[in-house]
Each structure stands twice: as C-alpha cells, then as structure tokens.
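Chemist: Just a sequence and a predicted model for now, questions to come.
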Amino acid sequence: MTPIIEAIDLQKSYAGQRVVDGLNLSIRKGECFGLLGPNGAGKTTTLRMLLGLIAPDAGEVTLLGLPVPQAAREARIRVGVVPQMDNLDPDFTVAENLLVYGRYFGMKDHEIEARIPSLLEFANLASKRDAKVPTLSGGMKRRLTLARALVNDPDVIFLDEPTTGLDPQARHLIWQRLRELTQQGKTLLLTTHFMEEAERLCHRLAVMDNGKLISQGSPRELIEQNIEPQVVEVFGETSAHWANEYAAKYSQRFEISGESVFCYVQDAQPLVAHLQAQSALRYVHRPANLEDVFLKLTGREMRE
Amino acid sequence: MNMQDFALPRFSLRFFPIWQRHWLVWRKIAAASIMGHLADPVIYMLGLGYGLGSLLPEMGGMSYMAFLAAGTVCYSTMNSASFEALYSGFARMHEQRTWEAILNTPISLDDVVLSEILWAATKSLMSGAAVLVVIWTLGLSHSLMSLWMIPLALLIGLVFASIGLIMTALAPAYDFFMYYFTLVITPMMLLCGVFFPVKQLPESAQMVASVLPLTHAIDLARPLMNGAIPPQAGLHITVLLAYTLVGFYVSLVLFRRRLSK
C-alpha cells in the first residue's frame, strides 16, 4: 500500500544550523502516527515541510500522492491542521469561524452550513454556536480548532501539540475525539511531548532529536527495543551514596537525577529484596514506559 | 538567500474568501469605522476651510474650502489604507495569527498579500466615498467629473496599501510604525499639496514632492473636483500604478522571507 505521507531524506537548515537532517518518514492510511521529541528537535519544521509551507533544502515529500511543495495547494484541499497555538478569529462567533474557514477551501456557504451542526456536536460546542471566541475556555478553543480542521472533511489531519496547556478533563475529551477520527479511517499525524498521549493514541511513533529520527515503532516496540522492562526508582538523601555502592550490582543500567536513582533491570526481584532492607531509602517499582525510552534516547538535560 | 522568494506573484481567485472575511469583521464595527473615516478629515476640512478660508480670498483659482476638499479626500484615503495595511495587517499576520490559519488551507501567501492590499484599498474607497458625500452635500463640488474620484480613491488605496505592507513585513512590533507615520505619512501631508499648492515650497522641497505618490494623486484629484480633465493624467496614473506594483512585489518578497522561518 502506498503511504499517505512520505518523506525521503529531508534536509532543512536555518542560518547554517541543521534543523532537520536526513529525515525519512512513511505514514500509512488510517494510522495515528506520533512524532516525539524535546523542544527544538525539529518537529514543527518537519510538519511545515510535509504541509508544503516551507520548501526543504533537499529531499522529497509526497502528501496524498502529490509532490509537495509543488502541488501543496491541491494536497491541502484534503488536509486539516490543528496548529500549536490557537489562531481562531477572535472577532467571530464559533459558527462564523467554521463558515469563514470552510470558504478558504473553496466550499460553498450552503455546504459549510450543512456541516456546522455535526462539527459542533463533535466538538461538544453545540450550545456555543453563537458565542464569541474570546468567551470560550482554553479547552473549548482547542475543540473549535479541531472542528475547524475538519470543516473540509479531510483525509489527513496534522496536529501540532494538540493538548498542550489543557487540563486533564479537556485533554481526555480531545483524546477521545482523536480516537474516533482514527476509527473513521482518517490518518493522523501528531507531535507531542506528552508520553501518555503518544502511548494512548498512536499506532506508531518516531522519536526525533537534533533533526534526526532516532527510533521508530509501536509504543510497545519502542519500549522493548530501547530499554529494560522494569524500572526501580530509588529516593532519599542517601540515594546517591547508595547508588555508588550498589546500583551497578543490582541493575543493568542506572541514572542519577538529583536525589532520585533510576535503575533499569531485567528482573527487579533481587533489587527490591535488597531495598526492603534499606530503611533510609524509599522506592517505586514499575514497568518501563515511553517516558523512560524518551529520556534514554534524548537525555535528561533541559532543552531551552 | 532563496531564489524562490523572488519569484513573480501567482494570483488566483482564492483571495476572495479572505476579502470576505475582512468584510465580515468590518461589518461588526461598521458604525465606529465610518465615524473614524469621517470625523477626522471633515473636522480638519471644515475647521481650516472656514477658519483659514475667511482670511484667504482664494487658492489655486478656487475657494480655499474647495481647494482643501480635493486634498482632504486624498489624504484621508491615504491614511485609511496605511492604517489598515500597517496596524490591522500586522495584527492579522503576527498577533492573531490569522495568516497562519489561512496558509494551512489551499491558499498561498501570494493570495493572502493580495487580499490585504485589496482590502486596504476597499477601506480607502469607503473612506474616500464618505468624505465625498460630505463634499457633495456641502456643495463644494458640482461637477460630474468628481465621480472619477471614486476610482481614484481605490487607486490611492492600492498605492498606500502596497507601500505600507513593506513596513508591516519589516516590523518587529507595533512601535515600529511610528517611524513610518512620522517620517513618511506626515511629511507627505505637508509637502504634497493638501493644504497649500506645492509651488509655495522652496525648489528643493518641490523636487522631493514631485516624486511622492500623494502629489500625483492630488494633481489628479483637484482638477477632477473642479470639472476639468487633469493635465498629464497619464503620467500621474502611471506613477501611482508603478508605486503599487513595486510596493506589492517588494512586500511580497519580504513576507516570503519573513514567513519561511
């Protein structure tokens, strides 16, 4: 099956700095694909190149079978975009935002009007039809942005950090809606740095850092390929001291971060038994998750 | 440097839904907007016209009020296009991210910039027409030739929208626009024959005035208001069109560079 979105050896530099460096992506129809990476990894630049908003320095992009950026206009007729920052029209009501946006796709007013009720229902905004945008909460604005991205009934939806800044209730509602879109057969490409979001929503993930893809696969594959299955976190004032003495003996790999020691192990039993005897230390034993993979692949230091 | 930034503009009819968007926003604030279009120029025209006009027997072969009327239409048209292209344009590009939202659809930057220019010119047309209605009502112009002021207002709007968008493309923040208004727009009001004939100025200032777009606009407007065919009309129209085309192209190149980051 031909991929819906394909990138071959994409390169992009700004002022001599490589932002995207030899990136290859292939996203299949009906898939929810997540692009993970710390701030500045090149995620947004990649999305913008895939949409044909900026031209790559080298490499090729195909979106919905069309060469991009050459035929980006034709391709974007069947694409919806949820941007990182809200850019709704503040002068308009909820319904007017949808109407005006639909016109940009060349849709007739009556076609858009016919879609508005179902879009509002999908976004849980049916009662807010005539509310002005500045009166909406953050979660409502995000949902309206999602509804707006669906006005042209797209086959592919790009979402750039769709739930950043939302409270848990608002986030869960967005997640539910995104799953519904996948069930309808839409292809989703989202960037995020919420590992929980990636784990819950995405069929496949790619971890990106310094403009390169450093790992790719299903959430489970990423964990299996990159990291030991069990994690024991050890806390306490003496944890660093303890780590110097024992961590290497009981774990395959460990990292010290402040007063916490992260021990990655195949079998946690001997370590847990040892820790039970250490009264000055507390610990948590849990299965490895995507966040562990992410931190292992991209490092623990801050990105600013 | 990217050569694609310098490509000639590619137009399409897709600019129209953007123009419709601006129109819909404007309709919500129409009353205040019409007030703004009218109050300032009409107060100046009547204040100076009656005040100074009573001291001046005539200017350029007509009453001072009639002299001022043509200049007022031109400068109010210039102002409304400039404010729209700079402040409102910057809000749509930068603050509200309206352009970003539009560019995610099948619309290109060329269409967005074209729609900005056409919209600012539309605002000019409205403000020019509003002032003209006052002028006709007061009987300051009797000639049917003054109807030509309507397309002229549109042309003046295109000129100042195109030049103004260059500033918008370069602006880091709203404060930047003070330079343009203080160093370009205000001097033009005083040099280009709005309040007195350009011939009153020292020769060097006349030279400067002769290349400024507002001078050419007023050289067309004043005869039209008095029912005469403007001398050298072809030259003036050519100059105004040239300002429009160059301004549009330069601003488009600058926007392409700014937004490709």
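Modeler: It's in. On a predicted model such as this, the values are computed, not experimentally measured, just so you know.

Chemist: Quick one: the helices in the chain, in order.
Modeler: Here I'm looking at chain A. In chain A, the segments counted as helices under DSSP state H are A:43-50, A:72-76, A:94-104, A:109-122, A:138-149, A:168-183, A:195-201, A:219-226, A:239-242, A:248-250, A:269-276, A:290-298.

Chemist: wrong one, chain B
Modeler: B:16-28, B:30-51, B:64-83, B:89-90, B:98-103, B:109-137, B:149-170, B:177-180, B:186-191, B:203-211, B:213-225, B:233-259.

Chemist: which parts of the stretch 51-200 of chain B sit against chain A?
Modeler: Applying CB under 8 Å from any CB of the partner chain, we find that the stretch 51-200 of chain B lies next to chain A at B:96, B:97, B:98, B:100, B:101, B:102, B:103, B:104, B:105, B:106, B:107, B:108. Backbone N, C-alpha and C define where each C-beta goes, glycine included.

Chemist: Show the pLDDT at the last one.
Modeler: Just to be clear, that refers to residue B:108. Here, the pLDDT recorded for residue B:108 equals 93.

Chemist: Next one: it from residue B:256, what distance?
Modeler: Distance of residue B:108 to residue B:256, computed by CB to CB, to the nearest Å: 10 Å.

Chemist: Please say which of those two ends up with more neighbours.
Modeler: residue B:108 (23 against 19; other CB atoms under 10 Å in any protein chain shown).

Chemist: Tell me who's in contact with that one.
Modeler: Residue B:108 makes contacts with A:73, B:10, B:12, B:14, as judged by CB atoms under 8 Å, 6 or more residues apart in numbering or on different chains.

Chemist: For it, what are phi and psi?
Modeler: phi -100, psi 170 (degrees, to the nearest 10).

Chemist: now for the helices of chain A, which one comes closest to chain B?
Modeler: Chain B lies closest to helix A:94-104 among those, at 3.7 Å (CB to the nearest CB).

Chemist: can you tell if that closest one touches chain B?
Modeler: Yes - residues of helix A:94-104 contacting chain B under CB under 8 Å from any CB: A:96, A:100, A:101, A:103, A:104.

Chemist: Let's have the helices of chain A in TSV, adding mean neighbour count.
Modeler: TSV is the format used below for those (neighbours: other CB atoms under 10 Å in any protein chain shown):
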stretch	mean neighbour count
helix A:43-50	23
helix A:72-76	22
helix A:94-104	23
helix A:109-122	15
helix A:138-149	22
helix A:168-183	15
helix A:195-201	19
helix A:219-226	16
helix A:239-242	17
helix A:248-250	14
helix A:269-276	14
helix A:290-298	20
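
Chemist: closest to residue A:83 out of those?
Modeler: helix A:138-149 (7.3 Å; CB to CB).

Chemist: Please write out the alpha-carbon positions of the closest one in PDB.
Modeler: Taking C-alpha atoms only, helix A:138-149 is exported to PDB below (Å, rounded to 0.1, in the frame of the first residue of the first chain):
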ATOM      1  CA  GLY A 138      -9.000  27.000  26.600                       C
ATOM      2  CA  GLY A 139     -10.400  23.500  26.100                       C
ATOM      3  CA  MET A 140     -13.300  24.900  24.000                       C
ATOM      4  CA  LYS A 141     -11.000  26.900  21.800                       C
ATOM      5  CA  ARG A 142      -8.900  23.700  21.200                       C
ATOM      6  CA  ARG A 143     -12.100  21.800  20.300                       C
ATOM      7  CA  LEU A 144     -13.200  24.500  18.000                       C
ATOM      8  CA  THR A 145      -9.800  24.500  16.300                       C
ATOM      9  CA  LEU A 146     -10.200  20.700  15.900                       C
ATOM     10  CA  ALA A 147     -13.700  21.200  14.400                       C
ATOM     11  CA  ARG A 148     -12.300  23.900  12.100                       C
ATOM     12  CA  ALA A 149      -9.600  21.500  10.900                       C
END
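
Chemist: what's that helix packed up against?
Modeler: Helix A:138-149 sits against strand A:79-82, helix A:94-104, helix A:109-122, strand A:156-160, helix A:168-183, with contacts defined as 3 or more CB pairs under 8 Å, 6 or more residues apart in numbering or on different chains; DSSP states H and E.

Chemist: now the helices of chain B in CSV, with distance to residue A:271?
Modeler: Shown next, in CSV, are the helices of chain B (distance: least, CB to CB, whole Å):
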stretch, distance to residue A:271
helix B:16-28, 62
helix B:30-51, 71
helix B:64-83, 70
helix B:89-90, 60
helix B:98-103, 50
helix B:109-137, 58
helix B:149-170, 61
helix B:177-180, 65
helix B:186-191, 77
helix B:203-211, 83
helix B:213-225, 79
helix B:233-259, 54
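
Chemist: Low-confidence regions, the chain specifically.
Modeler: Using chain A. Residues of chain A meeting the criterion pLDDT under 70: A:1, A:302-304.

Chemist: not what I meant, chain B
Modeler: Judged by pLDDT under 70, the stretches of chain B that qualify are B:1.

Chemist: can we see that at 80?
Modeler: Across chain B, the ranges flagged by pLDDT under 80 are B:1-3, B:37, B:261.

Chemist: Count the neighbours of residue A:260 for me.
Modeler: With other CB under 10 Å as criterion, residue A:260 counts 16.

Chemist: Enumerate every residue touching the residue lying closest to it once chain neighbours are set aside.
Modeler: Nearest residue to residue A:260, sequence neighbours excluded (CB to CB, 6 or more residues apart in numbering or on different chains): residue A:235, at 5.4 Å. Residue A:235 sits next to A:259, A:260, A:261, A:281, A:282, A:283, A:284 when contact means CB under 8 Å, 6+ apart.

Chemist: now residue B:60: how far from residue B:209?
Modeler: 15 Å.

Chemist: Also residue B:163?
Modeler: Distance from residue B:163 to residue B:209, by CB to CB: 16 Å.

Chemist: re earlier: identify whichever of the helices of chain B lies nearest to residue A:243.
Modeler: Going by CB to CB, the one of those nearest residue A:243 is helix B:98-103, 47.5 Å.

Chemist: just to revisit the earlier point, restricted to buried residues, select the contacts of residue A:235 in PyMOL.
Modeler: Buried residues among the contacts of residue A:235 (16 or more other CB atoms under 10 Å in any protein chain shown), as a PyMOL selection:
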select buried, chain A and resi 260+261+281+283
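
Chemist: Would you mind checking which of the contacts of residue A:235 is nearest to residue A:36?
Modeler: residue A:260 (22.3 Å).

Chemist: still on that earlier bit, more neighbours: which of residue B:163 and residue B:209?
Modeler: Of the pair residue B:163 and residue B:209, residue B:163 is the one with more neighbours under other CB under 10 Å, namely 25 against 21.

Chemist: tell me the contacts of the more buried one?
Modeler: Here residue B:163 is in contact with B:213, B:243, B:247 (CB under 8 Å, 6+ apart).

Chemist: Contact partners for the last one?
Modeler: What it means is residue B:247. Per CB under 8 Å, 6+ apart, neighbours of residue B:247: B:159, B:161, B:162, B:163, B:164, B:165, B:166.

Chemist: can you tell me how far the fourth one sits from residue A:74?
Modeler: If I follow you right, that is residue B:163. 34 Å.

Chemist: and what of the fifth one?
Modeler: Here the distance between residue B:164 and residue A:74 works out to 33 Å (CB to CB).

Chemist: So residue B:106 sits against residue A:103, correct?
Modeler: No - applying CB atoms under 8 Å, one finds residue B:106 not in contact with residue A:103, separated by 11.2 Å.
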